[in-house]
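**Q** No sequence on hand, only this structure:
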């Protein structure tokens, strides 16, 4: 699991970043990673797939439950769901846990390479940050 924290910054040589800039910078990295992963994952998807995934992510009325009922009706017994539930410490009916599971399962089915995509995009972003370390640290 990806942890964007002080260790992450230190590993990139950005341990000298002022404390008051760390949280906003880590938030920016997270948002940039999310954008780049989303862009990369959407390559090769058709309009129907994009609309379906967007409805799940945006939690449009009934989209999560409808998708789960159609594709993973026994999701409560799925080991991925139970692990996610344990980690999040949420009830099985919690809409957040269901939406997170549905999005993950959707990716497993429609983009089975999504973990590789995330890893590659993260590696590229880390390289970019490390290359620009001096510029990042010199900005006030």
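**A** Here it is on my side, so go on. Remember, predicted model here, so these are calculated numbers, not experimental data.

**Q** Which strands or helices does the strand or helix carrying residue 68 pack on?
**A** In the assignment (DSSP states H and E), residue 68 maps to helix 63-71. Judged by 3 or more Cβ pairs under 8 Å, 6 or more residues apart in numbering; DSSP states H and E, helix 63-71 is in contact with helix 47-57, helix 95-110. (Each C-beta comes from the backbone N, C-alpha and C, glycine too.)

**Q** What residues sit buried inside the last one?
**A** Spelled out, that is helix 95-110. By neighbour count on 16 or more other Cβ atoms under 10 Å, the buried set for helix 95-110 is 97, 98, 99, 100, 101, 102, 103, 105, 106, 107, 110.

**Q** domains for the chain, by residue range?
**A** Annotated domains of the chain cover 1-45+123-140, 46-110 [automatic domain parsing].

**Q** where in this structure is pLDDT low?
**A** Applying pLDDT under 70 to the chain flags the ranges 1, 140.

**Q** The lengthiest helix in the chain vs helix 95-110, what angle?
**A** For the chain, the helix with the greatest residue count under DSSP state H is helix 19-42. Put simply, helix 19-42 runs at 50 degrees to helix 95-110, going by axes from the mean of the first three to the mean of the last three Cα atoms, to 10 degrees.

**Q** list the buried ones in helix 19-42?
**A** Residues 21, 22, 25, 26, 29, 33, 36, 37, 40, 41 are the ones in helix 19-42 that count as buried (16+ other Cβ under 10 Å).

**Q** That one - contacts with which helices or strands?
**A** Applying 3+ Cβ pairs under 8 Å, 6+ apart, one finds that helix 19-42 makes contact with helix 6-11, helix 114-131.

**Q** quick one on the thing from earlier: turn the helices and strands packed on helix 63-71 into CSV, including distance to residue 14.
**A** Below are the helices and strands packed on helix 63-71 laid out as CSV (distance: least, Cβ to Cβ, whole Å):
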stretch, distance to residue 14
helix 47-57, 30
helix 95-110, 29
